[in-house]
Every structure is written in C-alpha cells, then in structure tokens.
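> Sequence first, then the predicted structure, then my questions.
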Amino acid sequence: MAQLKEIRDRINSIQGTQKITGAMYMIATTKLRHAREHRDNNAVYFAALKNLMERLLRHLPESEHPFLRVSDKLPEEQIHGYLMITGDKGLAGAYNQNIHKEVDKLMRKNGGRSKIFVVGDTGRRYFRNHNVPTVEDFVFSSGNPTHHLGRMILSYLLQHFQAGGLDDLYIIYTAMKSAMEAEVRVRQLLPVRSSLDIDLSRDVPKDVYNEEFIFSPSPYEVIDAVVPNYLNGYIYSALIESFCAEQSSRMLAMQTASEAASTMIKDLNVKYNRARQGVITQEITEVSAGAEALSSI
C-alpha cells in the first residue's frame, strides 16, 4: 500500500506541475501575439529609417564625425563595446544560454578589450556568478520594450562612445527565424558606415543618383540629429525581436514540458495499475489460502 500511495502522490505532483506549464504556455502565447504586432508595426518605420540612412550616407561628403569615423587604432588596441539583450526569467529553453555563449566567444576573441552592457536579469546574474565585470547593468525590465527605454540605453552608450571609451559598438540579441527557430545575431551599431555596410564604389541606383540633398545647417549637424534616431530605432527593434524570441522559446519549452508530463503520468498510471493489481491478487491469494486451511480442519 505504501508503494501505491507513493505513486499516487507522484502523479498528483506531476499533474500540478503540468497545470503550471500549461498556464505559462498560454501566457507566453498571449505575450508573443502582442509582441509580434508591435514588431510588425515597427518594421515599416525602421525599414524607412534605414533606407533614409543609406541614402544620406551615399550623398554625405567625407566626414570626421565620430559616428562615421572608423578607428585608426591597431586591432589589438581597439576597445569593443557589446550591448547584450537577455530575458528577465528562465524557463525559456536555450534562449538565454545561447546569448551567454555568444558573448563569451566574443570576449575570448578580444581578450580584455571588451566592455559589456547588459539588459535583462539573467544576463546580470550570469556575469555576476562568473565574476565578469560589466560597465552597466540596465536595471529596467527587458519584458516591456519601449522607445523611451531604447533612448535611455542609447544615451548611455553614446556617452561612452563619444568620450573615447569605445572604438566600436555591437548589439547581441536573439531574432525569430520562424515560429520554431531563433538565432543569435551580432550586429554593429557604430561606426554607422560599417554597420550599414554600404559599398560606395558600387554603381548607385538610377533613382538615387539623381537625388539632390541639401544639408542644413551642415552635414555634421544633420548626422548629429539623424544617427541617434536611427540607432534608437535599431535598439528598440532588437528589444522587441528579443522579446518575441523569448516568448516563442518559452512557449515551446512549456509545450515540451507539458507533453513530457503527460507521458510520465501515462507511465505512472500503468505502474500504479500493475501495483494495485498485484495487491488485489495477493489479497485474493491470502483469502483463498485461509479458506482452504479452514476447510481442511
């Protein structure tokens, strides 16, 4: 009987866990649907902003603006900045682990010439547990991406870049390739010419070649005004994309956990029925043996 009670308690425990994973699956599904709506709405704006940046850079004269100038330091002397976007919670499959692995790889490649900026509680805990110093742990949640948060992050990063603390700046985030697959992306933000990868030696499209741009009051001030908006749009897009990927990964993880719980419950029910049948058989055998002993007296 003790074995039966143990199996029954385990079934009840797994069923309780299955209810939690089922609820988390539904929550992740709802959050993912809303996040994808924001992502799709933002995609049109960001595509137009990126196109504007490409057109401007094709017509800009050579400029020594810090946002455009590529560092002339030797590769072994350059300091690389990495903005890392992780989640606030676990239970999302390999979502956070893949980001950590990518950043670790970049840090090993650059030695001690990396500065890490972290968004998300899991990233903060990871570096704290591994005694890796970070320049800034943005304390706000990664689960509520807004343009305002993007501007706050960008303002801090630009301070470091313009003060000469960084030679270039990259963003590491997770993007959804499909509903079932996500990938970690590393994209350069600064200098802007390198981030957009514009080859000015190629033939310019006909509709672009005939454009006339008037930079007022000056190209330098135009860059000052346009580039931060472009970078803010990029960071905001990455925050939304990361949030979508996190919810998708959590949804798949909870679905897998629920299916595994169903399989375990099924196996335990079979085990419980066998044990119960064994107890019944033993009781019948004992009753039969007792009856036979009494009849022989």
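Perfect, I can see it now. Numbers count the residues shown, from 1 in each chain.
> mind listing the strands for the stretch 51-200 of the chain?
Counting by DSSP state E, counting those that start in this stretch, the stretch 51-200 of the chain has strands at residues 80-85, 114-119, 136-138, 168-178, 181-190.
> and the closest residue to His59 other than its chain neighbours, which of the three is it?
The spatial neighbour of His59 that comes closest, neighbours along the chain excluded (CB to CB, 6 or more residues apart in numbering), is Phe213 at 4.4 Å. To be clear about C-beta, it is placed using only N, CA and C from the backbone, and glycine gets the same treatment. Secondary structure assignment for Phe213 (DSSP: H, G, I helix; E, B strand; the rest coil): coil.
> try Lys266
Under three-state DSSP, the three-state class of Lys266 is helix.
> What's the separation between it and Arg10?
As judged by CB to CB, to the nearest Å, Lys266 and Arg10 stand 13 Å apart.
> Of those two, which one has the most company?
Arg10 (15 against 11; other CB atoms under 10 Å).
> Touching, the more buried one and Leu268? I think so.
Yes: using CB atoms under 8 Å, Arg10 makes contact with Leu268 at a distance of 6.1 Å.
> on that earlier part again, next, the contact list for the residue nearest to His59, please.
Taking CB atoms under 8 Å, 6 or more residues apart in numbering, we find Phe213 in contact with 55-56, 59.
> Quick one, which of the residues you listed are buried?
Listed as buried from these are 55-56; burial here means 16 or more other CB atoms under 10 Å.
> domain ranges for the protein?
2-11+256-295, 21-253 (automatic domain parsing).
> For those, please prepare a markdown table with the additional fields mean pLDDT.
Shown next, in a markdown table, are the domains of the chain (pLDDT from 0 to 100):
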| stretch | mean pLDDT |
| --- | --- |
| domain 2-11+256-295 | 85 |
| domain 21-253 | 84 |
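> Of the ones you listed, which stretch is the most buried?
domain 21-253 (a mean of 16; mean count of other CB atoms under 10 Å).
> related to what we said a few turns ago, between the contacts of Phe213, which is closest to Arg151?
Leu56 (20.5 Å; CB to CB).
> Is it correct that that closest one is in contact with Ala225?
No: counting by CB under 8 Å, Leu56 stays clear of Ala225, with 10.7 Å between them.
> Leaving out the residues flanking it, which one is nearest to Leu189?
Leaving aside its sequence neighbours, Leu189 sits nearest to Leu169 (CB to CB, 6+ apart; 4.6 Å).
> Show me what that neighbour is bridged to.
Using DSSP bridges, the beta-bridge partners of Leu169 come out as Gly81, Leu190.
> Is it correct that it is in contact with Arg187?
No: the pair Leu169 / Arg187 is not scored as a contact, 10.0 Å apart, by CB under 8 Å.
> end-to-end on stretch 161-174?
One end of stretch 161-174 sits 24 Å from the other (CA to CA, to the nearest Å).
> quick thing: my sequence starts at 18, can you match it?
Sure thing, new numbering starts at 18, so read that last one as stretch 178-191.
> quick one: contacts for Glu303?
Listed by CB under 8 Å, 6+ apart, Glu303 has no contact partners.
> how close does it sit to Glu309?
Distance from Glu303 to Glu309, by CB to CB: 11 Å.
> do Val152 as well
The spacing between Val152 and Glu309, counted by CB to CB, is 85 Å.
> Mind jotting down where the helices sit in the stretch 18-167 of the chain?
According to DSSP state H, counting those that start in this stretch, the stretch 18-167 of the chain carries its helices in the segments 19-76, 112-127, 138-146, 164-179.
> which other residues reach stretch 164-175?
Residues from elsewhere that reach stretch 164-175, judged by CB under 8 Å, 6+ apart: 98, 100, 134, 136, 153, 155, 157, 183, 186, 206, 245, 248-250, 252-253, 256.
> got the CA positions of that stretch in CSV?
Below are the C-alpha coordinates for stretch 164-175, written out as CSV (Å, rounded to 0.1, in the frame of the first residue of the first chain):
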residue,chain,number,x,y,z
HIS,A,164,11.2,53.7,-27.5
HIS,A,165,11.8,55.5,-24.2
LEU,A,166,13.9,52.6,-22.9
GLY,A,167,15.8,52.5,-26.2
ARG,A,168,16.6,56.2,-25.9
MET,A,169,17.9,55.6,-22.3
ILE,A,170,20.1,52.8,-23.4
LEU,A,171,21.4,54.7,-26.4
SER,A,172,22.1,57.9,-24.4
TYR,A,173,24.4,55.9,-22.0
LEU,A,174,26.2,54.1,-24.8
LEU,A,175,26.8,57.3,-26.8
